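K.L.:
got a predicted structure here, sequence first:
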Amino acid sequence: MTNPKPGEVYWVDLGLKGKLRPLLVVSREEAAAERALCICVPLTTQIRGGDYEVPLPRVRWLPGNDEGVANVQGLTAVENHRLERRAGRYEPVVTRTVRGKIAWLLELD
């Protein structure tokens, strides 16, 4: 079974137009979790320039040369078995930045 780690990006079928979408894992790593769920945010190249987007560095393991963002407004829980395949992993600073924006979104700061 997949044990996703923070900062990893997986391809997931969200049921939208039948295609896989990249999701960034932002939940903590928990080997003994009560449920096989992880919290993720979708990645997109459709940049709107809003407060709910976190710019992402370009990485060679995601297709295309377009700039992308993490859309924290799309925060979602995904069952681990739905994680199709791992695309890669962002540096910890990227995950911390996205988590900070999630804290702002939920008024936790």
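P.N.:
Received it, and whenever you're ready, just let me know what you need.
K.L.:
quick one, what contacts Gly7?
P.N.:
Leu24, Val25, Arg89, Tyr90, Glu91, Pro92, Val94, Thr95 (CB atoms under 8 Å, 6 or more residues apart in numbering). In this view, the C-beta of every residue, glycine as well, is placed from N, C-alpha and C.
K.L.:
what helix or strand is the first one on?
P.N.:
Counting by DSSP states H and E, the element that carries Leu24 is strand 20-25.
K.L.:
residue ranges of the helices in this structure, please?
P.N.:
92-105 (DSSP state H).
K.L.:
may I have the beta-bridge partners of the residue nearest in space to the middle of it?
P.N.:
Taking CA atoms, centre = their mean, the centroid of the chain lies closest to Leu24, which sits 1.7 Å from it. Counting by DSSP bridges, Leu24 forms beta bridges with Val9, Val41.
K.L.:
for it, give me its contacts.
P.N.:
Gly7, Glu8, Val9, Cys40, Val41, Pro42, Leu43, Ala70, Tyr90, Thr95, Val98.
K.L.:
what about Pro42, neighbour count?
P.N.:
Pro42: 19 surrounding residues under other CB atoms under 10 Å.
K.L.:
please name the nearest non-neighbouring residue to it.
P.N.:
Gly74 (4.4 Å; CB to CB, 6 or more residues apart in numbering).
K.L.:
so that neighbour touches Leu43, yeah?
P.N.:
No - between Gly74 and Leu43 there is no contact under CB atoms under 8 Å: 9.4 Å.
K.L.:
of those two, who's got more company?
P.N.:
Leu43 (21 against 15).
K.L.:
quick one: end-to-end distance for stretch 60-73.
P.N.:
25 Å (CA to CA, to the nearest Å).
K.L.:
hmm, who's touching that stretch?
P.N.:
Here stretch 60-73 has contacts from 9, 22, 24, 41-45, 47, 52-56, 58, 87-88, 98, 101-102, 105, using CB under 8 Å, 6+ apart.
K.L.:
drop anything exposed from those.
P.N.:
9, 22, 24, 41-44, 52-54, 56, 87, 98, 101-102 (16 or more other CB atoms under 10 Å).
K.L.:
great, nothing more from me.
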